[in-house]
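Visitor: Would you be able to build a 3D model of this:
(5 chains)
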Amino acid sequence: MDIVTLLGSILGFVLVIGAMAMGGDLALFYNGPGLLIVVGGTFAAICVTFPLKDVIDSHMGALSMFMKKKGKVEDVVNIMVRIAEISRREGLIALENIQTENPILKKACQLIADNADPQLIRDTLTIEIGTMKRRHNISIEVFQKLAGYSPAFGMIGTLIGLVQMLSNLSDPTSLGPAMAVAILTTFYGSIMANLIFLPFAGKMRARTSQEELHLQIIFEGAKSILENNNPRLVYEKLSSFEPPKERKSSGR
Amino acid sequence: MDIVTLLGSILGFVLVIGAMAMGGDLALFYNGPGLLIVVGGTFAAICVTFPLKDVIDSHMGALSMFMKKKGKVEDVVNIMVRIAEISRREGLIALENIQTENPILKKACQLIADNADPQLIRDTLTIEIGTMKRRHNISIEVFQKLAGYSPAFGMIGTLIGLVQMLSNLSDPTSLGPAMAVAILTTFYGSIMANLIFLPFAGKMRARTSQEELHLQIIFEGAKSILENNNPRLVYEKLSSFEPPKERKSSGR
Amino acid sequence: MDIVTLLGSILGFVLVIGAMAMGGDLALFYNGPGLLIVVGGTFAAICVTFPLKDVIDSHMGALSMFMKKKGKVEDVVNIMVRIAEISRREGLIALENIQTENPILKKACQLIADNADPQLIRDTLTIEIGTMKRRHNISIEVFQKLAGYSPAFGMIGTLIGLVQMLSNLSDPTSLGPAMAVAILTTFYGSIMANLIFLPFAGKMRARTSQEELHLQIIFEGAKSILENNNPRLVYEKLSSFEPPKERKSSGR
Amino acid sequence: MDIVTLLGSILGFVLVIGAMAMGGDLALFYNGPGLLIVVGGTFAAICVTFPLKDVIDSHMGALSMFMKKKGKVEDVVNIMVRIAEISRREGLIALENIQTENPILKKACQLIADNADPQLIRDTLTIEIGTMKRRHNISIEVFQKLAGYSPAFGMIGTLIGLVQMLSNLSDPTSLGPAMAVAILTTFYGSIMANLIFLPFAGKMRARTSQEELHLQIIFEGAKSILENNNPRLVYEKLSSFEPPKERKSSGR
Amino acid sequence: MDIVTLLGSILGFVLVIGAMAMGGDLALFYNGPGLLIVVGGTFAAICVTFPLKDVIDSHMGALSMFMKKKGKVEDVVNIMVRIAEISRREGLIALENIQTENPILKKACQLIADNADPQLIRDTLTIEIGTMKRRHNISIEVFQKLAGYSPAFGMIGTLIGLVQMLSNLSDPTSLGPAMAVAILTTFYGSIMANLIFLPFAGKMRARTSQEELHLQIIFEGAKSILENNNPRLVYEKLSSFEPPKERKSSGR
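Guide: Here you go, the predicted structure:
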């Protein structure tokens, strides 16, 4: 799945660079100071907009998207059903030994094993889910704001170029190339927004919504285990989270 | 109903192509590399924005819109009233044999026939409805993002064309045609957004809201059957979902 | 009130046409193919976006706005108070004979007269209000989408005109008029959006919000009549829905 | 506070007119027909969008903003605490004699003095607050729509001017002035939106949110008086509505 | 953390000014009247949009951002746990002596120490949180509106410049420089919006959301202390507010 993200990014750049090269010299599209003002201005604005820590976290999160494998709804449902079975067979205390990479599932198991108050367990899981959402939403917002600032600084660069060009019209033959250079920053800003920042914000949102779904399954599963533990009914309920086509036949 | 969707699409393209042909040569409007950058760039960006599976599902959903017949509110209400009558006459267990294409209605009937806890039935149906909404919303979002990316890549193509044209103003007579070519990508992007992606996103939203309404009727009907089964009252309540003009006179 | 809607529409067109005529020949502003692409393209796109039935319903609703008289909050309050008085004097059964044009009020009266379960009455009225809102919101959305498509197809028409003009610059004297023609479609799209579609969408929203208010008064009134019927208190509560200046002095 | 609103409006116009005068003749910026199409078109569109009564109410409300003095949170809190004291000392019946300009507070006092059912009092106040919000929101929306229509009609005027100019390029020296006139309507629309309509919409929203806060204080105060009347605790609770810096030291 | 905000602001201005200086004379970019109309117009519009007090409070808040150190989630959690321990060991009355800079925490402690009704404590804290949110949201909105007005007045300035230039085309060689000057106000507006107002609005939102989180921790902590005070469980619950990586190992 992640290879597609990478291939999509590469395809986009190949197409754009191909179109640039077809019309003549690729060097036409390089303007160091213009690149600096768009990239630098966008970076400066984002560092004022968000605490540096959030900006860095957001980029680390984007990088990890290319590497981490996406979990499946089915797996989470199966884990919760297995936990329901274990807790029914061996008692709630047995949940203390559940091994899982998901820290929130781990916490839920420990609280259940500790025989904590059901209200406390619900409150704690609700807070955990809220904390995760808040963290992810900040990362998504960082990319959305980057997608807003980059065309704005592209336009600022173009305005600077236009003012310089128009103030100095002595040589009419230089008009075209000067205008071309002025337009370049708008081009950089558009590319950054539409090939990098907006798609990344979208992918992070898709990932976040997937993770939130997993947490909701854990939450509903834990509630069922606490209230009235019946692994078959837990499965009946949680399998409703899966897309219809992917449900295993329930043998009925 | 679906024939209208198809005719609308065709009409739109006929009008636009007609307007293009009237002014002279249709070939003026063909620019291979431009088409490649707009279509390819949009496709690349969407593949980064969403998991590939969601992009494919979304397009399959759009295709199926032209083929599947839209259900009617009246039919769903009638089915629920008939189920209420059967369950009153033959007992809840009889619902196990209800034949229906709607998988959620099927699940509701089985849960009722199993004499499941009403709270579990409500929870399960709520999750089912949520799962369906989430799936549909992703498809709608794919088309909305496509409608956002296509004019953006249209503009990127135009910027590339302008930079190439302006850098090379030696021959003033080529200025017009070069500019015409540069503008073409903006034109492609607008057409894609306004004749394909936005209307499809809208139609999917209309379909989704229709399906959600059907699920809500099933949900309310199941609740009534569980709480206090009286087919006449079930009809009285569910018929409120129908537009006033289409209700059959209730014989009162 | 409705005469104002009509006069507003006429005034807007008179002003725009006057401004067009003042600068010279009105015929300058007529371009058949341009008009066709904007009106036809907008119509085609809306027929893909919404089921044909919704598009037609929406336009019928707009027409009826010019003809139907708007109800007054005061009247609805008075009706509910009268119903409270009747039901107190003659018993709930007397509500069966209430004559009213409002189908939802009619249904509420029948349910009360039937001595239906209060919960069922509340549920039924809630569903009725939801059904009305959904229907009206679709009509509003149709006009809002029309207001979005018309300038977009205006711009598509202008792009077509520009490409044709720029590809064929042999005769410089024809540049101005060709450009004028190209701009016309943008003009058509703006006029359609700002003089027709957006104002109609706004008026429908105002009407809908008024009708929702009436239903809310009926809902609150029915609740009071069921719970603890005292016409004076029903008036005291429902009169809070009227704007302060228009309340009749409560004689206190 | 209101003098600032007035001074702000004047300052804005002085600056804009100053900038216009500095560049030469102020008469350059006057174009009667252009002004007519922007002002008249905007007015025509708003009269279709909203019932005339709402448009007039909205402008009356804007005028009254310059004249009415804004209430203070502190005063409302003090009034509620005083009412709590009176009702404790002299009984709830004493509230009948409370003198206040706020009609909702008046109504609350009368209902309490009448010994009405607490649920009825809560319902009535909730409806009153909803009625006020609805009325104010319509006024805000009128100004927001005006701020949307005015630049749109500015652009329509410019398109008309451009079409007339481009159709008639015989005299190249008239090109500049004709273009200047065409641009004027866009200028008028921007000024109207940014110096009048948007700021007025914003100020009305600020005022509305202030008034809503006052009603919420009255609501919470009335609830406390009904439930468990202790003036010190009423103060302790209601003073939380004041900004921290403005609270009088609570003597603790 | 705050040094980054400052460095970001400086970097942005250095980059933009550097780009301006590279193309020639920095003086090209200075236009006194243009600066006056953009800055003054924006200021005038904001003074009509908001009460002067809100505008000033908002700017004071922005200044204080550079100076105040940001609190940490961990610290707030630790304080609440310590308060839980104290209240368990020494009784609720001991909370009266808690020393804290947070006025809302102070109020919560006093209310608990006073043995106030739990419902009153919850209501009071809810109102306090609402008051803080309302105050902060106004400040954020002031900067967002400033970010909207500044490019609008930039465009108004450019329109004024264009009208003056086009009305006076006698000297073609002055066309370029006059156009450059006209464009400058658009440039000023963009810089103000994208380097100052939007980033400041963003930073204030980040700060506000952080402070809201702290208040939520205090609220949940106070609830736990009141309901069932067990410092270990309070920690277990409140630590869920911390990002997973930053939690101290709970020793289990």
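Visitor: Considering only the stretch 101-250 of chain A, name the residue that lies closest to chain D.
Guide: Using CB to the nearest CB, the closest approach of the stretch 101-250 of chain A to chain D is made by A:L166 at 16.1 Å. Backbone N, C-alpha and C define where each C-beta goes, glycine included.
Visitor: For the helix ranked longest in chain A, give the mean pLDDT please.
Guide: Longest among the helix segments of chain A by residue count, using DSSP state H, is helix A:118-166. Averaging pLDDT along helix A:118-166 gives 92.
Visitor: Contacts only, for A:S87.
Guide: Contacts for A:S87 were tallied using CB atoms under 8 Å, 6 or more residues apart in numbering or on different chains; they are A:A94, A:L95, A:I112, A:I225, A:N229.
Visitor: picking up where we left off before, just checking the next helix or strand after the longest helix of chain A against chain B, any contact.
Guide: Note on helix A:118-166: by DSSP states H and E, the next helix or strand toward the C-terminus is helix A:175-191. Yes. Helix A:175-191 reaches chain B (CB under 8 Å from any CB of the partner chain) through A:L175, A:G176, A:P177, A:M179, A:A180, A:I183, A:L184, A:T186, A:F187, A:S190, A:I191.
Visitor: who wins for most neighbours among the residues you listed?
Guide: Neighbour tally across those (other CB atoms under 10 Å in any protein chain shown): the maximum, 27 neighbours, falls on A:F187.
Visitor: What does the pLDDT read for that one?
Guide: pLDDT recorded at A:F187 is 95.
Visitor: surely the residue of the stretch 101-250 of chain A closest to chain D meets E:L184?
Guide: No. Counting by CB atoms under 8 Å, A:L166 does not reach E:L184; the two are 10.2 Å apart.
Visitor: With distance to E:M22 as added columns, please give the residues of helix A:175-191 next to chain B in a markdown table.
Guide: Below are the residues of helix A:175-191 next to chain B laid out as a markdown table (distance: CB to CB, whole Å):
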| residue | distance to E:M22 |
| --- | --- |
| A:L175 | 19 |
| A:G176 | 20 |
| A:P177 | 16 |
| A:M179 | 17 |
| A:A180 | 17 |
| A:I183 | 17 |
| A:L184 | 14 |
| A:T186 | 18 |
| A:F187 | 19 |
| A:S190 | 23 |
| A:I191 | 22 |
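Visitor: And those residues, which is closest to B:R247?
Guide: Distance to B:R247 across those (CB to CB) is lowest for A:S190, with 53.1 Å.
Visitor: Apart from its neighbours in sequence, what residue is nearest the closest one?
Guide: Closest residue in space to A:S190, ignoring its immediate chain neighbours: B:I156 at 5.1 Å, by CB to CB, 6 or more residues apart in numbering or on different chains.
Visitor: I'd assumed A:N194 was in contact with that neighbour.
Guide: Yes. Contact between B:I156 and A:N194 holds when scored by CB under 8 Å: they sit 6.8 Å apart.
Visitor: Quick check: neighbours shared by those two?
Guide: Shared contacts of B:I156 and A:N194, defined by CB under 8 Å, 6+ apart, are found at B:G41.
Visitor: Can stretch A:28-46 be said to contact chain B?
Guide: Yes. Shown here: stretch A:28-46 in contact with chain B (CB under 8 Å from any CB) through A:L28, A:F29.
Visitor: I meant to write stretch A:135-153 there.
Guide: No. Counting by CB under 8 Å from any CB, no contacts exist between stretch A:135-153 and chain B, the nearest distance being 9.2 Å.
Visitor: residues in contact with that stretch?
Guide: With CB under 8 Å, 6+ apart, stretch A:135-153 has contacts from A:37-38, A:41-42, A:45-46, A:49-50, A:54-55, A:57-59, A:61-62, A:185-186, A:188-190, A:192-194, A:197-198, A:200-201, A:204-205, A:207-208, A:211, E:190, E:193-194, E:198, E:202, E:206, E:243.
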